[in-house]
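Peer 1: Only the shape, not the letters, is given here:
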């Protein structure tokens, strides 16, 4: 997309009363979201007798409630004001993250405490995710960007996730994920009614991450047994196989946006 069109989209979006605040808030939040798992990983592994297995348990404690409450979050996102759900869950979530950070700073950290804070954060994330997924499409609808919605998404979201990525391969993986997210979100927005969008997003997220707790729980012990390098090769092969399997479905390849 030409740079002039990107600048035009940015200028158009900044005229929307809430866009600048939303973009600034998401930048700060995503900065924290990018740093937190890295800091948490080093923190857990840096504990006396800290192991990869303990890290798996801590990370899994957040993912499990996220999945359990995801469908409930979709219903809430369609029935109540999404902006208030997003703001409220972000504020409460930051408080739980602060408790975890404080426990490391003042020396009262423990694996059970981190698991409880992670579980509470996962519940809030289950409310946040479907609601936020419906906030930006609503803004784009109101501002008349439906036909170029994927451009608006690219303009708004691509700067938010490329933070603290130290490896070139990870950078390109991030670019690929963002391109996928733009295409997938655009297709969903063109084909799903706005009044049920959050619920559909919750089903999509549940299907995408249903097995994530199993992976988080077992990846630590697996890496300890066969080595991190071998574990990464196995995971890369699984990702490739899953992608090819999805593309083998004709309905996925032939999906078209409504105009």
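Peer 2: Good, I have the coordinates. Not measured: the values here are computed from a predicted model.

Peer 1: Report the buried residues of stretch 84-95.
Peer 2: By 16 or more other CB atoms under 10 Å, the buried positions in stretch 84-95 come out as 85, 86, 89, 90, 92, 93. All C-beta atoms are positioned from the backbone trio N, CA, C, and that covers glycine.

Peer 1: Residues touching the one helix or strand the fourth one maps to, excluding its own?
Peer 2: Per DSSP states H and E: residue 90 is located in helix 82-106. Contact partners of helix 82-106, identified using CB atoms under 8 Å, 6 or more residues apart in numbering, comprise 25, 29, 32, 36, 39-40, 43, 76-77, 109-110, 113-114, 117-118, 120-121, 124-125, 127-128, 131-132, 134-135, 138, 198.

Peer 1: could you redo the last one with a cut-off of 6 Å?
Peer 2: The contact list for helix 82-106 (CB atoms under 6 Å, 6 or more residues apart in numbering) reads 43, 109, 113-114, 117, 120-121, 124, 127-128, 131-132, 134-135.

Peer 1: Look through this protein and tell me its longest helix.
Peer 2: Longest helix of the chain, by residue count under DSSP state H: helix 111-143.

Peer 1: Could you list every helix and strand that it packs against?
Peer 2: Counting contacts by 3 or more CB pairs under 6 Å, 6 or more residues apart in numbering; DSSP states H and E, helix 111-143 packs against helix 52-68, helix 70-79, helix 82-106, helix 197-209.

Peer 1: Redo those as CSV? Include mean pLDDT and distance to residue 187.
Peer 2: Shown next, in CSV, are the helices and strands packed on helix 111-143 (pLDDT from 0 to 100; distance: least, CB to CB, whole Å):
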stretch, mean pLDDT, distance to residue 187
helix 52-68, 83, 23
helix 70-79, 84, 18
helix 82-106, 89, 20
helix 197-209, 74, 11
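
Peer 1: So which of the ones you listed is nearest residue 217?
Peer 2: Taking CB to CB, helix 52-68 is the member of these nearest to residue 217, at 4.8 Å.

Peer 1: how about that closest one: buried residues?
Peer 2: 52, 54-67.

Peer 1: quick one, which of the helices and strands packed on helix 111-143 is nearest to residue 11?
Peer 2: Per CB to CB, nearest to residue 11 of the helices and strands packed on helix 111-143: helix 82-106, 23.0 Å.

Peer 1: Run the chain-centre distance for the closest one.
Peer 2: In terms of CA atoms, centre = their mean, to the nearest Å, the centre of helix 82-106 is found 16 Å from the chain centre.

Peer 1: got it, and stretch 249-259?
Peer 2: 24 Å.

Peer 1: Over to stretch 92-109?
Peer 2: Distance, centroid of stretch 92-109 to centroid of chain: 21 Å (CA atoms, centre = their mean).

Peer 1: Show me which residues of it are buried.
Peer 2: For stretch 92-109, using 16+ other CB under 10 Å, the buried residues are 92, 93, 96, 97, 100, 101, 103, 104, 109.

Peer 1: Tell me the one among these nearest to residue 234.
Peer 2: Minimum distance to residue 234 across the buried residues of stretch 92-109 is 29.9 Å, recorded for residue 100 (CB to CB).

Peer 1: give me the low-pLDDT residue ranges for the stretch 101-250 of the chain?
Peer 2: The model of the stretch 101-250 of the chain has pLDDT under 70 over residues 136-171, 174-175, 178-179, 181-182, 185-186, 189, 209-211, 213.

Peer 1: Could you dump the buried residues of stretch 92-109 into TSV with distance to residue 214 added?
Peer 2: Output for the buried residues of stretch 92-109, formatted as TSV (distance: CB to CB, whole Å):
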residue	distance to residue 214
92	27
93	24
96	24
97	25
100	23
101	28
103	27
104	27
109	26
